[in-house]
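Engineer: Could you work out the structure for the sequence below:
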Amino acid sequence: MRKFLSLLAIAAIVGFAYALGARAGHGRFEEIRDAVSSAWNDPKMTKARKRAGKKAKATRRAIAKRAKKRA
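Structural biologist: Prediction:
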């Protein structure tokens with residue numbers, strides 16, 4: 001069920017992006033792409049992504065450790 005919901009969400013995002021791109025045209029698509037790219041590559045965003053990755057790894061390790069204790 002979780003895979004189905006994930007695929008459904010991805011399909012919805014792709015459909016929305018396609019509709020947005022079809023309406024706005026290629027020029028607007030490039031503007032949006034450039035804005036997203038600059039936000040993604042912003043040093044603050046990069047730092048936040050690294051922090052989130054470290055937190056996710058730590059959480060994954062903690063969960064695995066608890067699972068081993070309970071098994």
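
Engineer: Quick one: low-confidence residue ranges for this protein.
Structural biologist: Residue ranges of the chain with pLDDT under 70: 23-24.

Engineer: can you give me the helices for the protein?
Structural biologist: 2-40, 43-70 (DSSP state H).

Engineer: how about the CA coordinates for stretch 53-71, as CSV?
Structural biologist: Provided in CSV are the C-alpha atoms of stretch 53-71 (Å, rounded to 0.1, in the frame of the first residue of the first chain):
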residue,chain,number,x,y,z
GLY,A,53,21.0,13.6,6.0
LYS,A,54,23.1,13.2,9.2
LYS,A,55,19.9,13.2,11.3
ALA,A,56,18.3,10.6,9.1
LYS,A,57,21.4,8.3,9.4
ALA,A,58,21.5,8.7,13.2
THR,A,59,17.8,7.9,13.4
ARG,A,60,18.2,4.9,11.2
ARG,A,61,21.0,3.6,13.4
ALA,A,62,19.0,4.2,16.5
ILE,A,63,16.0,2.3,15.1
ALA,A,64,18.2,-0.6,14.0
LYS,A,65,19.8,-0.8,17.4
ARG,A,66,16.4,-0.9,19.1
ALA,A,67,15.2,-3.6,16.7
LYS,A,68,18.2,-5.7,17.5
LYS,A,69,17.5,-5.4,21.2
ARG,A,70,13.9,-6.4,20.8
ALA,A,71,14.7,-9.4,18.6
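
Engineer: quick one: the residue lying farthest from the centre of the chain and residue 40, what's the gap?
Structural biologist: Among the C-alpha atoms of the chain, the one farthest from their average position, using C-alpha atoms, centre = their mean, is that of residue 71, at 32.4 Å. Look at residue 71 and residue 40: by C-beta to C-beta, to the nearest Å, they are 40 Å apart. (C-beta placed from N, C-alpha, C; glycine too.)

Engineer: Please apply the same query to residue 28.
Structural biologist: Look at residue 28 and residue 40: by C-beta to C-beta, they are 18 Å apart.
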